[in-house]
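Chemist: I'd like to go over a predicted model; first the sequence, then the structure.
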Amino acid sequence: MTRTDDILDAAASVADPTVDRAMAAALPTATPGVAVQLTRRLLERRCPDAQTALVLHFQALPDEARDAVAAVADDLFRPLREACAAGGDHGPLNAIDIIRRARTTGLAYLIAERLRHGSENVRQAAGRCLLDMAQDVARDPGPALERLGDVAAAVEDSVRLYAHHQQPDVLLALCTLLPREMDASLAALAKPDGAAVRPMRRILAAAEHPQVRRVLLALLPIPTLTQSVGAGLRQAAAAGQLGEATACHHLLARPDARRALNKLGAVESIWPGPGRLMGLPASEQIGLIALLEALPLEDAVKLQRLEELSRSEHPAVRVRVLRAVLNQPLKASSRPADRLIESLIEDPAEPIARLAVRRVLQSHPDRLPKLLARLVNSPHAAVRQLAGRRIAPIAFDRFWRRWPTLDPARRLAAGRALIKIDADFHRLLADKLAARHAPTRLRALAIISGLNQGAFFEPALIQLTQEGDEKVASAAVRALGAAGSSRAYGVLREMLDHADARVRANAVEALAEADAALCADRFADMADREDNRPRANAIAALMQMRRPEAMGTLTRMLHDARPRHRTSALWLVETMGLVEAARHVAELSISDEDDAVKDRADRVIRELLELMSSAPPPEAVSEAGYRTMVYK
């Protein structure tokens with residue numbers, strides 16, 4: 001043990017304030033090691049006078065000793081108060097330093113007192129200490145209400161009495177604590193002749209500090225500060241820091257904040273420069289949307305800025321953009337707004353796409369079919385389902401109306417697509433089929449036949465084959481050919497004996513495509529004994545079956561005495577491309593007594609000659625090629 005230790009141990013055994021004062025008096029001249037030991041002994045002995053001396057000598061202590069004092073600052077209220085009351089700057093500055101190091105917010109009132117009564121150096125140190133305290137409690141996500149209340153009370157008192165100290169750090173401390181309730185401070189700033197108004201205006205207009213930028217919108221409604229807040233917003237925008245200024249964007253919902261915004265000038269410049277938006281955090285982008293909604297700008301300007309934000313990588317921002325467009329009181333016909341909404345129907349986030357789709361479906365019915373056609377291919381199941389429910393009745397009606405104008409390929413493609421997306425397709429078509437209006441039923445039958453949907457309507461088609469209207473009955477027979485059931489084939493065979501030639505002709509055509517082999521003998525009989533239309537169809541069926549008598553029956557029909565039979569035979573030659581009949585057709589084009597037959601034969605022979613001129617040499621034609629050329 002050293003001599004110093006012996007002395008300190010001996011002194012510690014004496015309970016006399018004189019010893020404490022003696023140890024405190026030795027602090028300025030003690031070595032760092034001894035100063036640390038003296039400090040610890042004095043703190044343990046708790047002599048008020050010695051502890052006050054410890055505070056007065058604080059600036060001369062080594063760091064370890066200072067840390068020891070700051071660690072027990074909560075127990076040094078009396079020594080700190082006495083040091084603050086001591087004459088000169090020495091004691092108050094040390095007390096302020098200890099309070100700052102210890103973060104002892106319970107002594108914030110002492111700092112406020114030194115702001116009012118200290119020298120310039122003391123007031124500056126007190127202002128910095130109060131700012132540090134405010135920043136400390138603001139950083140803590142859950143500061144004790146007592147700690148926050150102590151600092152807030154000191155700041156409010158200092159703002160109210162700003163004329164006594166003129167320290168801008170106090171105003172920065174206020175900005176740090178806002179937007180918490182600081183009613184007394186805000187009332188002081190609302191007075192046009194208040195001492196803190198001008199310096200606060202300078203701070204707000206410069207917008208140099210983050211805590212100032214974050215509370216610009218909170219101070220906007222105060223009339224004495226409104227224009228300075230506007231200048232600060234413009235300055236923040238020019239510096240690329242406007243996003244920070246939207247931290248209190250929820251306050252823009254207040255009517256007084258909206259009125260204050262309307263009083264600002266040059267609001268067009270309150271916006272980040274080109275290329276700066278996309279680098280901001282999602283929270284700041286959302287805040288900018290709220291600011292944009294509140295600013296008194298033209299619709300076109302707002303939509304242009306929202307369009308840029310709609311490309312944000314953050315889904316929360318894009319959905320906020322969409323809601324801003326939907327909630328914005330835009331002029332009645334805003335095509336840019338529609339385009340912005342439509343751009344979001346393909347958003348990768350399903351909730352955003354679904355919300356945009358719902359809005360699109362509510363407007364512009366003239367463009368609805370095209371939009372729905374895009375939506376049924378959406379990557380989002382919910383969007384496809386939503387579009388499917390809306391497109392079904394619209395698409396069916398459009399398909400129904402346009403059926404007569406569509407070529408066979410487009411009829412088939414459109415019909416297949418509609419069947420795929422519309423669960424009610426067959427029900428809607430059945431309603432048309434059950435209509436009393438004959439043209440409606442004929443078109444429904446044509447669609448059933450053209451799309452090969454006979455199997456879905458077999459009972460109704462069988463019933464319609466007995467219809468008294470021969471046109472409806474013949475169309476039903478044609479559609480029934482796609483049913484594919486034995487019952488349907490049985491009905492079609494019965495229709496070969498129908499009284500109407502058109503019905504019989506369609507029955508032959510339907511059976512030729514599905515049940516030809518079983519009806520070959522009947523077709524051969526009809527090829528010589530029927531009316532022109534069923535006769536031509538029967539010969540066509542024999543040709544497709546490559547029956548040996550087929551060509552002879554066609555030749556006899558070409559030379560039939562009845563012009564209608566010759567015309568039907570020419571139709572058959574033309575549709576099947578039967579070059580073997582070219583000689584007979586040529587004779588008719590020259591010598592037929594009926595002008596209509598002669599003109600038809602002339603047209604057919606020209607087509608056959610063109611077909612023969614484009615055919616390959618006989619030796620190069622395979623059997624499959626021959627069948628393609630002859631039977632087309």
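Modeler: Everything's here; your move. This one's a predicted model, so the numbers in the text were calculated from it and none came from an experiment.

Chemist: now do the contacts for A173.
Modeler: 127, 130-131, 133-135, 151, 155, 158 (C-beta atoms under 8 Å, 6 or more residues apart in numbering). C-beta here means a position set from N, CA and C on the backbone, and glycine is covered the same way.

Chemist: could you work out the most separated pair of the residues you listed?
Modeler: With C-beta to C-beta as the measure, no two of the contacts of A173 lie farther apart than Q135 and S158, at 15.1 Å.

Chemist: who's more crowded, these two?
Modeler: S158 (29 against 16; other C-beta atoms under 10 Å).

Chemist: quick one: pLDDT of that one?
Modeler: S158 carries a pLDDT score of 94 in this model.

Chemist: what helix or strand is it located in?
Modeler: Using DSSP states H and E, S158 sits in helix 145-160.

Chemist: what comes up buried for that helix?
Modeler: Applying a neighbour-count criterion of 16 or more other C-beta atoms under 10 Å, one finds 147-148, 150-152, 154-160 buried in helix 145-160.

Chemist: now do stretch 28-44
Modeler: Result for stretch 28-44 [16+ other C-beta under 10 Å]: buried residues 30, 34-39, 41-43.

Chemist: what are the contacting residues of stretch 401-413?
Modeler: Contacts of stretch 401-413 (C-beta under 8 Å, 6+ apart): 414, 443, 446-447, 450-451.

Chemist: name the residues that touch stretch 476-490?
Modeler: By C-beta under 8 Å, 6+ apart, stretch 476-490 touches 445-446, 448-449, 452-455, 457-458, 461-462, 464-465, 467, 491-492, 495, 503, 506-507, 509-511, 513-515, 518.

Chemist: out of the residues you listed, list just those in strands.
Modeler: Using DSSP state E, no member of the contacts of stretch 476-490 falls within strands.

Chemist: buried ones only from these, please, as a PyMOL command.
Modeler: PyMOL command restricting these to the buried ones, with burial defined by 16+ other C-beta under 10 Å:
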select buried, resi 445+446+448+449+452+453+454+457+458+461+462+464+465+467+491+492+495+503+506+507+509+510+511+514+515
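
Chemist: can you tell me the closest non-neighbouring residue to A53?
Modeler: Leaving aside its sequence neighbours, A53 sits nearest to A24 (C-beta to C-beta, 6 or more residues apart in numbering; 3.5 Å).

Chemist: would you confirm that that neighbour contacts L54?
Modeler: Yes - taking contacts as C-beta atoms under 8 Å, A24 lies within contact range of L54: 6.0 Å.

Chemist: overlap in contacts of the two?
Modeler: L42.

Chemist: more neighbours, these two?
Modeler: Neighbour count, other C-beta under 10 Å: between A24 and L54, L54 has more, with 27 against 22.

Chemist: now the more buried one: which helix or strand?
Modeler: helix 48-56.

Chemist: how far off helix 48-56 does the next helix or strand after that helix point, in degrees?
Modeler: Using DSSP H and E, the next helix or strand after helix 48-56 towards the C-terminus is helix 63-71. Here helix 63-71 runs at an angle of 120 degrees relative to helix 48-56 (axes from the mean of the first three to the mean of the last three C-alpha atoms, to 10 degrees).
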